[in-house]
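Enquirer: after the sequence you'll find the predicted model.
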Amino acid sequence: MADSSGTRTEHARTSDVHGDDDPDIRAERAYLATARAALHRMHHDVVSTETQLTAAAEDNDNFAERLFQKRAREMRALLLVDLPDVPLFFGRLDFDPGTAYPGSVDVERLYIGRRHVHDGAGDPLVIDWRAPISTAFYRATRDDRQGVRLRRRYGFSGAAELTAYEDEPLTGLQADGGDGTGDGAGAAGAFLAAEIERPRSGPMRDIVATIQPEQDDLVRAPLERTVCVQGAPGTGKTAVGLHRVAYLLYTERDRLGRTGIAVVGPNRSFLSYIRRVLPALGEVNVTQTTVEEMIGRAAAHHREDPAVARVKGDGRMAEVLRRALWSHVSRPTEGIMYAKGSYRHRVADHEVSEILAGLRGAMRYGPGRTAAAKRIAHAVLVQMERRGESPDDRTHSAVARSQPVRRLLDQVWPKVTPEQVLFKLLSDAEFLAGAAKRDLAPEERELLLWRKPSRSWRSAKWSDADTALLDELADLIERTSSIGHIVLDEAQDLSPMQCRAIGRRCATGSMTVLGDIAQGTSPSAVGGWTGLLLHLGKPDARLETLERGYRVPAQIIDYAARLLPEIAPGLGAPASARRSPGALRVSAAAARGELGDMLVRTCRACLKGEGSVGVIAADAALPALHGRLLAEGLEPASLAENEDAMEDSRLVCVPATLAKGLEFDTVVLVEPAEIVAAEPRGLNRLYVALTRAVSALHVLHAAPLPAALGDAG
Ligand SMILES: Nc1ncnc2c1ncn2[C@@H]1O[C@H](COP(=O)(O)OP(=O)(O)OP(=O)(O)O)[C@@H](O)[C@H]1O
């Protein structure tokens, strides 16, 4: 079989589609049928045992426990459902006798699949790809065979019917004429190229059958330590993150079942695009959310102006907010008088002052107020004891909750909400100056202040940048709870304040941080991994780089990489694992008015082939282009109108600001100059748009291209 660059992958002994009369194919299909039947039996067993257990569990008085057990049973059954379009196994390992399981000479052959399947006697028919023994499927090479004699990979038709296999012997003489990428699991073999180039329809697919060794290393990294992955477009960062979630849930299910795991992506259309991967890997219970949804206590009303966003996103704001909040605690002008019967118990103002000073900043604001009430009550109780009374715990809490204590605290340690504090900060120049001290320059304070403040904090229109500030305040008031693990995709766009907000949500857990500095488009982005990890609270993270790009053919990635010296100096040029002749076409129109016709012609031609076609243009230009394609009857869907557009049509119109993380078999990129001009980091946005294509990129332009792209070469 020829790979995408036209060379033959010699290590593969057999890789063509086999006919029904091929005895090996017949045997493998029979094995697949046996495994399917076994899975159905396992499912049936779980459902019927669970029905009996459910009947027994109805007697359990503990409602929460009953609910938990029921959910766990439903999950067990759900994991064993046979998905008709997902093949039960995708690979096979043949071992030297006695090496698969040390001490056992019986097992020489293992089938690797998306989940574990066993026969009636409990013997495995399919091994879960996440099991330790399956590592050899991804890592064994001729130099380090790990007991493996032969690795077999299977090809399936759309309906999950087994139609082909590719054998890779790891013993014996190596075939001549390798393609230079090395043999073994790391080779960009025929199956890998075929898998990548298989035409796309709808959401992202899993890559479990072809995970590459450098990716596998990250997927199987231990839970304890945060991992941060820098990788050029299409190196598989998103795929690695999602497979890592599935892996961690397999190896650490008890721990993560209790503490939780979440995937955080840049926007809803991205989440829609990746939402099928985890269910296909058997994981249906993972929270997938955007940064804004995760942080947002108030829904963002509008996008912040870039200059203001830069100040609001800056890490210095943390200290400004801290001061703003704690400035609400003030010195009492008088003490407290607590009346009980005919007695008056007094605590002097200086004593209250001392109590407040001891607590101020020593704990979070909310618990601080509660502690202050308790300590003031304690001082009252001391007075009572001096008068010969013997107050107990009930008296203590009654005094702490009494009106005089509450009234005093409302003056000196008032209850506040994040919205109240931020409203004051953004609308009161004097208050802002007091909180900012020398941390913000006068012109930065000027930027922060609202031109036309709303009448009260209740009617304030918060921006996306404000949500991270509100979150910071919320955490200063009450501790935010932490989950076990967060996979943070496209992390390069986060501002320091957003990093702090995400980081505090797994303060006691670990993270998988994924991104590409060159794709940073946010004006308030941190700009480097060391700083970003610091703001996330994970300075000890393991920093790794993925260098081999799988999505984008070399011709396209080399073209896009011409922008790198300008947008990310110091970042090495990405290397593509694939070449694809004719992948890049740049066409100039004589005038802007001709671009529409050109677009229609290009889309018509692209739609004659297979796979998805994405039309990417500046956000402002997109509606007109979409309208034109609609009028021509090409039935495009628009991602600007519908986050599931990629499922609804082969032809999708994509505003440049939503292209991040997505991919299409063919991309038609309209008028790069408009994308560049639309925002401060327009060149970075163009780099993202240029790197979305799996097979072909057509650039259509009337205005001059950015200098670096001038000559398509
Ligand atoms: N080992 C692999 N086998 C098959 N396909 C792969 C493999 N690695 C990556 N791919 C494919 O390459 C494409 C890019 O992967 P992915 O989206 O994870 O890259 P990325 O690094 O997150 O890219 P970007 O930075 O552009 O968002 C996807 O179609 C993915 O399925």
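Expert: Structure's in. What do you need? Numbering: from 1, shown residues only.
Enquirer: pull the longest helix from the protein.
Expert: If you go by DSSP state H, the chain has its longest helix at helix 23-57.
Enquirer: avg pLDDT for it?
Expert: Average pLDDT, helix 23-57: 80.
Enquirer: flag every buried residue along it.
Expert: Within helix 23-57, the residues scored as buried using 16 or more other Cβ atoms under 10 Å are 25, 28, 31-32, 35-36, 38-39, 42-43, 46, 50. Glycine gets a C-beta too; all of them are placed from N, C-alpha and C.
Enquirer: ok, so what distance separates Ser576 from Val586?
Expert: Note on Ser576: its distance to Val586, by Cβ to Cβ, to the nearest Å, is 18 Å.
Enquirer: neighbour count for these two, which is higher?
Expert: Neighbour count, other Cβ atoms under 10 Å: between Ser576 and Val586, Ser576 has more, with 26 against 18.
Enquirer: excluding its backbone neighbours, what's nearest that one?
Expert: Ala554 (3.9 Å; Cβ to Cβ, 6 or more residues apart in numbering).
Enquirer: now that neighbour: phi and psi?
Expert: Main-chain dihedrals, Ala554, degrees, to the nearest 10: phi -50, psi -40.
Enquirer: can you tell me which residues in the chain are near the ligand?
Expert: 192, 195-196, 207, 210-212, 215, 231, 233-239, 516, 519, 550-551, 661, 663, 691 (Cβ under 6 Å from any ligand atom).
Enquirer: and those residues, which are buried?
Expert: Buried members of the residues of the chain next to the ligand, counted by 16+ other Cβ under 10 Å: 192, 195-196, 207, 210-212, 215, 231, 233-239, 516, 519, 550-551, 661, 663, 691.
Enquirer: take those residues and keep only those in strands.
Expert: Gly231 (DSSP state E).
Enquirer: of the buried ones among the residues of the chain next to the ligand, which belong to helices?
Expert: Judged by DSSP H, these include 192, 195-196, 215, 237-239 as members of helices.
Enquirer: please convert those residues to TSV, extending it with pLDDT.
Expert: As requested, these are arranged in TSV below (pLDDT from 0 to 100):
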residue	pLDDT
Leu192	78
Glu195	77
Ile196	80
Gln215	95
Lys237	95
Thr238	94
Ala239	94
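Enquirer: tell me, how many residues neighbour Pro132?
Expert: Using other Cβ under 10 Å, Pro132 has 9 other residues around it.
Enquirer: try Gly341
Expert: 6.
Enquirer: swap in the one 10 residues further on?
Expert: For Glu351, the neighbour count with other Cβ under 10 Å is 17.
Enquirer: what packs against whatever helix or strand it lives in?
Expert: In this assignment (DSSP states H and E), Glu351 forms part of helix 349-359. Under the contact criterion of 3 or more Cβ pairs under 8 Å, 6 or more residues apart in numbering; DSSP states H and E, helix 349-359 touches helix 365-386, helix 403-412.
Enquirer: how does it look with 6 Å?
Expert: helix 365-386 (3 or more Cβ pairs under 6 Å, 6 or more residues apart in numbering; DSSP states H and E).
Enquirer: could you give the angle of the helix it packs on to helix 403-412?
Expert: If you take axes from the mean of the first three to the mean of the last three Cα atoms, to 10 degrees, helix 365-386 sits at 140 degrees to helix 403-412.
Enquirer: any idea how far the residue nearest to Ser576 lies from Ala560?
Expert: 11 Å.
Enquirer: if you count what's nearby, which of the two comes out ahead?
Expert: Comparing Ala554 with Ala560 by neighbour count (other Cβ under 10 Å), the higher total belongs to Ala560, at 26 against 20.
Enquirer: check contacts around Asp464.
Expert: Residues in contact with Asp464 (Cβ atoms under 6 Å, 6 or more residues apart in numbering) are 300, 303-304.
Enquirer: let me know the pLDDT of it.
Expert: 90.
Enquirer: excluding its backbone neighbours, what's nearest it?
Expert: Among residues not flanking Asp464 along the chain, Ala300 sits closest, at 4.0 Å (Cβ to Cβ, 6+ apart).
Enquirer: just the element for that neighbour, please.
Expert: Using DSSP H and E, no helix or strand contains Ala300.
Enquirer: residues in contact with it?
Expert: Counted by Cβ under 6 Å, 6+ apart, Ala300 has contacts 463-464, 467.
Enquirer: shouldn't Asp665 be in contact with Arg200?
Expert: Yes. Asp665 is in contact with Arg200 according to Cβ atoms under 6 Å; the separation is 5.3 Å.
Enquirer: find residues that contact each of the two.
Expert: 611-612.
Enquirer: doesn't Arg142 lie inside a strand?
Expert: No. Read with DSSP: H, G, I helix; E, B strand; the rest coil, Arg142 is coil and lies in no strand.
Enquirer: that one: neighbouring residues, count only.
Expert: Neighbours of Arg142 (other Cβ under 10 Å): 16.
Enquirer: does it touch Leu170 like I think?
Expert: Yes. In this structure, Arg142 is within contact of Leu170 by Cβ under 6 Å, at 5.2 Å.
Enquirer: and for the residue in the stretch 601-713 of the chain that the ligand sits nearest to, nearest residue in space, chain neighbours not counted?
Expert: Closest residue of the stretch 601-713 of the chain to the ligand, Cβ to the nearest ligand atom: Gly661 (4.3 Å). With Cβ to Cβ, 6+ apart as the criterion, Gly661 has its nearest non-adjacent residue at 4.5 Å, and that residue is Phe270.
Enquirer: now swap in His302 and tell me
Expert: His302 sits nearest to Ser463 (Cβ to Cβ, 6+ apart), 5.4 Å away.
Enquirer: surely the one you found and Glu304 touch.
Expert: Yes. Contact criterion Cβ under 6 Å: Ser463 and Glu304 qualify, at 4.1 Å.
Enquirer: touching both of those two, which residues are there?
Expert: When contacts are counted by Cβ under 6 Å, 6+ apart, the set common to Ser463 and Glu304 is empty.
Enquirer: sorry, back to before: thought the residue of the stretch 601-713 of the chain closest to the ligand was touching Leu271?
Expert: No. If you go by Cβ under 6 Å, Gly661 and Leu271 don't touch, sitting 9.5 Å apart.
Enquirer: which residues touch His396?
Expert: So His396 contacts 377, 381 (Cβ under 6 Å, 6+ apart).
Enquirer: and the helices in the stretch 101-250 of the chain, which stretches?
Expert: For the stretch 101-250 of the chain, the helices defined by DSSP state H, counting those that start in this stretch cover 135-139, 190-197, 213-219, 237-251.
Enquirer: now the last one, how far from the centre of its chain.
Expert: On the basis of Cα atoms, centre = their mean, to the nearest Å, helix 237-251 is displaced by 11 Å from the centre of the chain it belongs to.
Enquirer: repeat for stretch 363-383
Expert: 42 Å.
Enquirer: need the strands for the stretch 251-400 of the chain, in chain order.
Expert: Secondary structure of the stretch 251-400 of the chain (DSSP state E, counting those that start in this stretch): strands at 261-265, 287-290, 336-340, 343-347.
Enquirer: hang on, the earlier thing: may I have the predicted confidence score for the residue nearest to Asp464?
Expert: pLDDT, Ala300: 73.
Enquirer: same check, this time on Arg303
Expert: 86.
Enquirer: ok, now the one 4 residues further on?
Expert: On the pLDDT scale, Ala307 is placed at 93.
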